[in-house]
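J.: Following is a predicted model, sequence given first.
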Amino acid sequence: MMKQNEQNHFDSNISGDDAFERFLSKQLQENQPYLMDDDFTARVMGGLPAPKKLSVWQERLIILVPLFIISLLVISQFSLLAVLIKVWTLAVSVDIAQLMQVGMLVSVAAISGASFWFARQLKLI
Amino acid sequence: MSVSDQELISRVIAKKDQQAFSQLVLRYQSQLRTWARRLCDGDAHLADDLAQETFIKAYAALAAFRAEAKFSTWLYRIAFNIAANRWRTKKIQWCELDGNEDIEAEFCELKQFDAKRDVEAAMQQLSAAQQLAIRLCFEDGFSHDEAASIMGIPLGTLKTHVNRGKQKLQVLLASWSQVA
């Protein structure tokens, strides 16, 4: 039945050039099979050059070089002598009692932090 | 919604995004492998090698792709060039029609009232260039300009191939109008 229809379609139109082109396109396009991928894409992807990766040293340089340059820029904005004088003045003016208090606070903070970490490791908290 | 070819191409060029390229390969693999089979005289193994090489070359040269042309036209053109180079060095039989027993056997079945088979059999009677031109224009839907660009021939030559091929087909398929 389908063949008959196709035939009738062709019979009724074969005289015209456009109609013949339409007939030809239709038959050829219907003939074109869809080819399943069957790992073809994977084979192509396997054949592509591997994407270039940076070495560990290149990665470190990318971070360290800008950091170094920015640090230099920041330091260049301060007078080294003025900074040294401030540090010296602070060191001289600090009271021994105050210094011990600070030391104790730091020790308490360190011990608390370590205890908390151990407790988390042992799943007590 | 599927991502456009141009978007995928931009990703490949900008970020060397191989995932984006794999989507392009998946999208065009069937079309290109079918085209490659035509260029390799139906040899599926050679055709797949040709199609694979085409995609790899396309990946390497993607930055040179100009968006004025369709991506498929560009791929077809690359495949055609590779096939032509191989043909020059005699690595493959490029669209040879002589002595192909399968085609002859298929042609013996021309008398069957099946339009598709008849058209295919009639196509085998055309020259290689005429077949390629006709298939590009009528099967793959490329314009004459695009088909000429793919085959690397002047537009006038392409039109000559198409017209002569069409005339031959009209004669070969004329019997269709007499069978009722």
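T.: That came through, no problem.

J.: the longest helix in chain A is where?
T.: Longest helix in chain A by number of residues, with DSSP state H as the criterion: helix A:96-121.

J.: same check, this time on chain B
T.: Chain B, longest helix under DSSP H: helix B:18-39.

J.: any idea of the pLDDT on the residue nearest the centre of chain A?
T.: Residue closest to the average C-alpha location in chain A (CA atoms, centre = their mean): residue A:53, at 12.8 Å. Looking at residue A:53, its pLDDT is 73.

J.: what helix or strand does it sit in?
T.: Residue A:53 is located outside every helix and strand, with elements delineated by DSSP states H and E.

J.: Helices of chain B, residue ranges please.
T.: So, for chain B - with DSSP H - the helices run B:5-15, B:18-39, B:44-60, B:71-88, B:101-108, B:115-123, B:128-134, B:144-151, B:155-172.

J.: any chance of those helices in JSON lines, with mean neighbour count too?
T.: For the C-beta atoms, the positions are set from N, CA and C on the backbone; glycine is no exception. Putting these into JSON lines (neighbours: other CB atoms under 10 Å in any protein chain shown) gives the following:
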{"stretch": "helix B:5-15", "mean neighbour count": "15"}
{"stretch": "helix B:18-39", "mean neighbour count": "20"}
{"stretch": "helix B:44-60", "mean neighbour count": "20"}
{"stretch": "helix B:71-88", "mean neighbour count": "19"}
{"stretch": "helix B:101-108", "mean neighbour count": "12"}
{"stretch": "helix B:115-123", "mean neighbour count": "20"}
{"stretch": "helix B:128-134", "mean neighbour count": "21"}
{"stretch": "helix B:144-151", "mean neighbour count": "20"}
{"stretch": "helix B:155-172", "mean neighbour count": "17"}
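
J.: ranking those by mean pLDDT, which is last?
T.: helix B:101-108 (a mean of 43).

J.: re the thing from before, would JSON lines of the helices of chain B with distance to chain A be doable?
T.: Putting these into JSON lines (distance: least, CB to the nearest CB, whole Å) gives the following:
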{"stretch": "helix B:5-15", "distance to chain A": "9"}
{"stretch": "helix B:18-39", "distance to chain A": "4"}
{"stretch": "helix B:44-60", "distance to chain A": "5"}
{"stretch": "helix B:71-88", "distance to chain A": "12"}
{"stretch": "helix B:101-108", "distance to chain A": "12"}
{"stretch": "helix B:115-123", "distance to chain A": "4"}
{"stretch": "helix B:128-134", "distance to chain A": "7"}
{"stretch": "helix B:144-151", "distance to chain A": "12"}
{"stretch": "helix B:155-172", "distance to chain A": "6"}
